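Student: A predicted structure for the sequence below; I have some questions about it.
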Amino acid sequence: MNLEHNNKAYRIDGVSIKELAEKFGTPCFVYSESSISKSFQEIKDVFGSDKKNIYYSVKANSSLSILKLLLNMGAGFDIVSMGELDRVIKIGANPKKIVYSGVGKSESDIKHSIELGIYCINVESFAELERINKIAGDLNIKAPVAIRVNPNIDPGSHEYISTGLESTKFGINLKNMMDAFIYADKEQFIDLIGIDYHIGSQIETLDPFIEAIVSVSKIIKELKSKDINLELIDMGGGLGINYEKNTSPTMKQYGEAINKAIKDNELDSYNLILELGRSIVGNAGYLITKVEYIKKDSEKNYVIVDAGMDNLIRPALYGAWHNIVCINTNNEEKILCDVVGPVCECSDFLGKDRELSVKQDDILVICSCGAYASSMASNYNSRPKPPEIIIRNGEAILISKKEEISDLYSREIII
Ligand SMILES: Cc1ncc(COP(=O)(O)O)c(C=O)c1O
């Protein structure tokens, strides 16, 4: 956490939050560059070598400046759309350090990725494999693929982010995956290079990660017995962060556990990829918001702020909990309240049943908003997206301008 409190003032990496709110307006996202670099370096220190690669998962936070920072630190990229691909190419990423996942790749998405020469397409269904083979054949280029298997492992996180269970749309299940490997191995225009999985996000224990490695090592043995040899194991991402009382493992504990499982299962010779997102950027971001009104009701107190579910949808989507801090020093008695936004939905809340000492016009900081906040934002209720700022060496730098209302309808045609 880079939120500091001294001399009665709250700061992020030494910069006053009050001044940030005055200069950039509210709501706004603020990121700590040092926190992002520190998390990335932590995992790189335990899991970083020629054969151990960290591919940042762009969906967690796709800001160009953050991508560039991670590129400069040696990251590859895990993308799931042409929009994400364009972003990483724009910041100068090497296509040979890009992997492409997702269940719904269109013909043009596949064609573009093959032509660009990305490292690997992570295939999520038999039908996708057939489509890739056809497109690659038309292009007369061999397409590098990994089969994403669904190992049916419960990561213990919210059901919407538990992607490694057989009941989800992701990957090819254990029953059908061997057919996919055999098909990929024999087809002329497919270069079967690896196996891929991603069992979920916000995983707070190490066991599911280890279970997945054991499961994959069995698959690899079976493939070897059929003379199918791979070079790549893409282990996905998923390490959780501490939003409140979570006890997620540290990067070091996670990296060491992965290293040990890789060694124990004799998988050291493979090219290994981790696709981490949340654990790199999650705790490095803050959403700064102003209290517009306090509405006291007989049953509830509502603290109505100028940020809403359009800026941070995680509470509405997953019932996610974010720490909320009031930066003003008040003598107000603490009230039990829901912190809610201005959007016309009952699910537009940022925190429920919080005890805050707060008054109108105060500034609140919503913590742990570095991942799946701005990247999941919308314009619902025709609300423009807020500016984004990064703190670098004690200086606040604008990395994304506030959207103008006219931007919201700039693509529209009045007929
Ligand atoms: C395929 C894939 N890889 C990596 C990630 C990153 O996960 P996390 O941010 O939890 O590390 C995700 C996110 O859900 C994903 O779908």
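Tutor: Ah, there it is. Residues are numbered from 1 along each chain as shown.
Student: what about Asp361, how many neighbours?
Tutor: 10 (other CB atoms under 10 Å). Any C-beta I mention is one placed from the backbone N, CA and C, and that applies to glycine too.
Student: Would you agree it is in contact with Thr289?
Tutor: No - Asp361 is beyond contact range of Thr289, at 11.6 Å (criterion: CB atoms under 8 Å).
Student: So Ala21 belongs to a helix, correct?
Tutor: Yes - using DSSP: H, G, I helix; E, B strand; the rest coil, the assignment for Ala21 is a helix.
Student: Check it and give its pLDDT.
Tutor: Ala21 is assigned a predicted lDDT (pLDDT) of 98.
Student: And the ligand, is stretch 170-190 touching that?
Tutor: No - shown here: stretch 170-190 not in contact with the ligand (CB under 6 Å from any ligand atom), separated by at least 7.5 Å.
Student: got the end-to-end distance for that stretch?
Tutor: Terminal residues of stretch 170-190 lie 21 Å apart, using CA to CA, to the nearest Å.
Student: Residues contacting it, please?
Tutor: Residues outside stretch 170-190 that contact it (CB atoms under 8 Å, 6 or more residues apart in numbering): 103, 123-126, 129-130, 132-133, 136-137, 140-143, 145, 147-152, 163-164, 166, 192, 196-198, 219, 222-223, 226, 228.
Student: Report the distance from the one helix or strand Asp179 maps to to the chain centre.
Tutor: Using DSSP states H and E, Asp179 falls within helix 177-186. What separates the centre of helix 177-186 from the centre of its chain is 30 Å, taken as CA atoms, centre = their mean, to the nearest Å.
Student: Tell me the first helix or strand C-terminal of it.
Tutor: With elements assigned by DSSP H and E, the helix or strand that comes after helix 177-186 is strand 190-196.
Student: Could you list the single helix or strand in the chain with the lowest mean pLDDT?
Tutor: strand 3-6 (a mean of 79; mean pLDDT, DSSP states H and E).
Student: Paired strands for it, with orientation please.
Tutor: In the sheet, strand 3-6 lines up against strand 9-12 (antiparallel) (DSSP bridges).
Student: tally of neighbours for Ile363?
Tutor: Neighbours around Ile363, by other CB under 10 Å: 21.
Student: How much space separates it from Cys28?
Tutor: Ile363 is 11 Å from Cys28, where distance means CB to CB, to the nearest Å.
Student: okay, and the common contacts of the two?
Tutor: 21, 288.
Student: about what we covered before: what pLDDT, on average, does the helix holding Asp179 get?
Tutor: The average pLDDT for helix 177-186 rounds to 97.
Student: If you count neighbours, what's buried in that helix?
Tutor: Buried positions in helix 177-186, judged by neighbour count with 16 or more other CB atoms under 10 Å: 177-178, 180-181, 183-185.
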